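S.K.: sequence first, predicted coordinates after that:
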Amino acid sequence: MMETFSNQFEQKLDTQLKALEQRRESVNTMLASQSGIADIYHNVLVKAREISIFDPRKGEPSPKEFIRVASSAPLEARQAVAFKGPTEGMAKPILKNLPCLGLGREENLASALVCVLEDSERCFTSLSDAKLPVDDQVLVVLAALKNHPILNFEEFKTQEVIYQTANTDDPREMQEIQRRFEQVRGKKTQHIRKHILNSIPVEIKQQPDYRMILLQASLRRDTFGTLEAIRESLSSEEALKSNTANLLDGIAVEEKLNLLEIVANLGMGLATTYLDLFSIPPDPEWHPKLQKIFQRDVTAGHSLFGVYAFEGMQNYPFNLGRIESTLPRRITNSEATEYLKRGEAAASDGEPTKQRTFTSNEVGEAVTMLQEKDVRRFLEALKWGISHNWKACVQDRKKEIIFGDYDLKVRDILFLVAHSLFEEEEKFEEIFNMIEKNHPFLAEDTAKIYTFANRYYFFNVIGLNASFLFNRSKRLNGSIGTLIEEISDYQVHNLLHICMSIYIRVGDILFRDLSIAWPMLIGQCEGKMDAVFHEISQLFDSFDTLLTIIEPVMPNLPAWINTLIDALAQDVPDLPVTITESPKQAHLGVTTNATINRVRDLVNRYSLDALFYRAKMGNATPISVIQTLKVPRSKTDKLRTLLSSDPKKEQR
């Protein structure tokens with residue numbers, strides 16, 4: 001209900017902003033065509049500017065002076081002041097004295113919108129003086145939030161971690177590290193002090209429904225800044241004296257959880273870290289929702305920053321302790337070169353040697369080795385922290401399976417940690433026993449059993465039915481074994497990572513509605529399992545690219561998947577951009593290489609359609625959309641190639 005209410009305000013604001021452009025154009029046309037009105041407008045604006053200059057000896061300017069100047073002008077000139085004046089440096093005086101212009105409600109709202117869009121920072125504190133109805137005030141605040149600056153969490157956290165973990169004997173380097181940290185900390189302090197939520201009119205603060213609408217918009221726009229502003233407001237003197245300072249006061253638990261979902265969808269650990277602000281009761285009825293929020297908080301982002309959720313685990317009612325994590329650093333060539341120099345010096349036993357230049361291969365190998373070493377350090381520390389601080393939810397079998405394959409990408413392991421945390425331990429015992437039973441030759445190789453168990457669980461989480469790969473059967477060479485043994489680590493890791501990326505966006509619905517005929521594909525690939533996995537990976541990679549492009553302009557992506565599957569099954573030539581209800585469950589069978597090629601080609605064409613659709617919705621170009629995608633360069637290169645050979649180029 002609240003979401004619908006919020007959408008109504010968003011839609012009304014969108015309508016008002018479109019009408020506002022027409023008003024401003026008509027005013028500009030009038031001033032250009034009617035010199036008399038234009039002269040009056042400029043005279044009124046000059047006098048209003050003089051009146052509005054603050055004189056410390058006289059105090060604040062009297063509204064009576066503004067009324068006298070405004071009342072002497074005809075309606076057309078006053079309208080020009082209301083809609084054009086803010087663009088000439090008069091936003092604050094006009095908003096503060098808006099009732100003096102004698103305009104109607106719609107015109108007052110339009111003028112207030114112009115003011116906050118032109119100079120929100122200076123004029124927003126005067127919104128209460130505009131005497132707008134509360135509904136109109138909400139629209140003005142929403143407009144101001146749309147243009148509000150964003151506090152960059154990644155930038156702040158990176159500098160904070162560098163400062164806290166700095167280990168250097170060079171005083172100049174330490175001074176530079178401290179300077180950068182003080183810079184981002186100062187930026188955060190200024191951002192919080194000037195945040196729009198601190199200046200919301202009292203009439204809005206007294207209404208939880210209105211506050212909920214504004215919090216939704218603010219959290220979507222400026223997640224980190226909004227959370228910091230809420231925390232700061234709770235600790236302020238005003239909060240101690242009045243409940244109106246607490247922006248979350250009076251909001252129902254369900255609505256607070258919805259706000260936390262917005263935060264969690266950023267995937268940077270912020271929902272967990274700031275969970276204490278929302279005062280969610282520890283009742284078991286809220287546990288399932290909190291568990292999903294935690295999973296999104298860790299996995300939904302495009303970086304590894306979700307790991308910082310572990311630092312706030314004590315905020316959940318699950319009897320879990322906090323785990324401090326320092327993410328793996330990106331090793332540079334200069335660091336690798338210094339490492340090689342130290343190795344050379346140590347090998348010479350202190351004797352003076354001629355300094356040599358290391359080859360690019362030597363430096364590259366050193367970078368790889370040091371990077372792997374730092375990743376291993378991070379994973380070992382995380383594993384140790386889980387075993388000591390999360391004993392209530394993680395026993396040894398679960399822990400060993402989740403960390404059974406250190407060669408997975410770090411994001412993949414964090415994904416498994418988040419999704420396994422609240423699973424029953426018996427499930428992992430069953431997986432281990434099944435793998436051990438189907439691989440008797442691995443009786444002495446427990447590490448390999450855990451690796452296969454890790455892969456089985458990963459497939460299980462994302463919903464891809466791959467149990468056929470773990471069953472013992474007779475191979476082509478006559479021996480008995482499982483198909484998973486024949487697949488190279490690279491192919492398994494590649495497929496699992498792509499599937500995880502899809503799962504994070506839409507859940508398991510795509511894999512659930514997509515049946516893979518493993519035996520037929522194996523036969524067509526002459527029994528080469530790597531070839532089978534390569535073909536399936538290419539297919540899912542195309543899906544992942546399409547979802548990445550369409551996600552920002554498709555409000556309900558999981559619900560749209562059924563429409564997409566139905567279109568693919570029927571060979572619909574154009575991408576469906578609206579969600580349609582199908583009379584029967586959509587289903588797509590992947591049975592042969594020909595089917596994979598057909599579906600992949602169609603998905604690639606859909607990706608081009610999505611690219612142009614997103615460009616149109618955002619008033620951009622397809623190339624600029626490609627440049628904003630957070631995907632590997634191989635994908636952007638592929639999209640550029642598809643774009644250059646677009647068969648619909650002449651029609652678009």
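M.R.: Perfect, thanks for sending it. Numbering: from 1, shown residues only.

S.K.: can you tell me the closest non-neighbouring residue to the spatially most central residue of the chain?
M.R.: For the chain, L266 is the residue whose C-alpha lies nearest the centre (CA atoms, centre = their mean; 3.2 Å). Using CB to CB, 6 or more residues apart in numbering and skipping the chain neighbours, the partner closest in space to L266 is T223 (5.2 Å). For the C-beta atoms, the positions are set from N, CA and C on the backbone; glycine is no exception.

S.K.: check which helices and strands the one helix or strand T641 maps to is in contact with.
M.R.: Under the criterion of DSSP states H and E, T641 resides in helix 633-644. Under the contact definition 3 or more CB pairs under 8 Å, 6 or more residues apart in numbering; DSSP states H and E, helix 633-644 sits against helix 529-550, helix 593-617, helix 622-628.

S.K.: and the second one, which residues are buried?
M.R.: In terms of neighbour count (16 or more other CB atoms under 10 Å), helix 593-617 has its buried residues at 595-596, 599-600, 602-615.

S.K.: about what we covered before: of the helices and strands packed on helix 633-644, which is nearest K187?
M.R.: helix 622-628 (23.6 Å; CB to CB).

S.K.: which ones are touching R330?
M.R.: Applying CB atoms under 8 Å, 6 or more residues apart in numbering to R330 gives the contacts Q371.

S.K.: and the closest residue to F181 other than its chain neighbours, how close does it get to P519?
M.R.: In this structure, F181 finds its nearest non-sequential neighbour in Y163, 3.9 Å apart by CB to CB, 6+ apart. Distance of Y163 to P519, computed by CB to CB, to the nearest Å: 57 Å.

S.K.: now stretch 364-375 - C-alpha only, PDB.
M.R.: This file holds the C-alpha atoms of stretch 364-375, laid out as PDB (Å, rounded to 0.1, in the frame of the first residue of the first chain):
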ATOM      1  CA  GLY A 364      53.600 -10.300 -14.000                       C
ATOM      2  CA  GLU A 365      54.300 -13.600 -12.200                       C
ATOM      3  CA  ALA A 366      55.100 -11.700  -9.000                       C
ATOM      4  CA  VAL A 367      51.900  -9.700  -9.200                       C
ATOM      5  CA  THR A 368      49.900 -12.900  -9.700                       C
ATOM      6  CA  MET A 369      51.700 -14.700  -6.800                       C
ATOM      7  CA  LEU A 370      51.300 -11.800  -4.400                       C
ATOM      8  CA  GLN A 371      47.600 -11.300  -5.400                       C
ATOM      9  CA  GLU A 372      46.800 -15.000  -4.800                       C
ATOM     10  CA  LYS A 373      48.700 -14.800  -1.500                       C
ATOM     11  CA  ASP A 374      46.600 -11.800  -0.300                       C
ATOM     12  CA  VAL A 375      43.400 -13.400  -1.400                       C
END
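
S.K.: let me know the average pLDDT across it.
M.R.: Mean per-residue pLDDT for stretch 364-375: 91.

S.K.: okay, buried residues for it please.
M.R.: Quick answer for stretch 364-375 (16+ other CB under 10 Å): 366-367, 370-371, 374-375.

S.K.: quick one: which of those sit in helices?
M.R.: With helices taken from DSSP state H, the overlap with the buried residues of stretch 364-375 comprises 366-367, 370-371, 374-375.

S.K.: may I ask which two of those residues are separated the most?
M.R.: A366 and V375 (14.9 Å).

S.K.: that older thread, relative to S279, how far out is the residue nearest to F181?
M.R.: According to CB to CB, Y163 stands 31 Å off from S279.

S.K.: which of those two has more residues huddled nearby?
M.R.: Y163 (17 against 12; other CB atoms under 10 Å).

S.K.: for the strand or helix carrying that one, give the mean pLDDT please.
M.R.: Following DSSP H and E, one finds Y163 within helix 153-164. Mean pLDDT, helix 153-164: 91.

S.K.: how about stretch 31-47?
M.R.: Here stretch 31-47 scores 87 as its mean pLDDT.

S.K.: report pLDDT for L442.
M.R.: 86.

S.K.: and what of N243?
M.R.: 48.

S.K.: thinking again about what came up before, got the helices and strands packed on helix 633-644 as JSON lines, with distance to V410 and mean pLDDT columns?
M.R.: Formatted as JSON lines, the helices and strands packed on helix 633-644 follow (distance: least, CB to CB, whole Å; pLDDT from 0 to 100):
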{"stretch": "helix 529-550", "distance to V410": "18", "mean pLDDT": "94"}
{"stretch": "helix 593-617", "distance to V410": "27", "mean pLDDT": "93"}
{"stretch": "helix 622-628", "distance to V410": "24", "mean pLDDT": "91"}
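
S.K.: okay, those helices in TSV with distance to K391 next?
M.R.: Shown next, in TSV, are the helices and strands packed on helix 633-644 (distance: least, CB to CB, whole Å):
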stretch	distance to K391
helix 529-550	36
helix 593-617	45
helix 622-628	43
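
S.K.: find the least confident helix or strand in the chain, judged by mean pLDDT.
M.R.: Here the helix or strand of the chain ranked lowest by mean pLDDT, DSSP states H and E is helix 237-241, holding a mean of 51.
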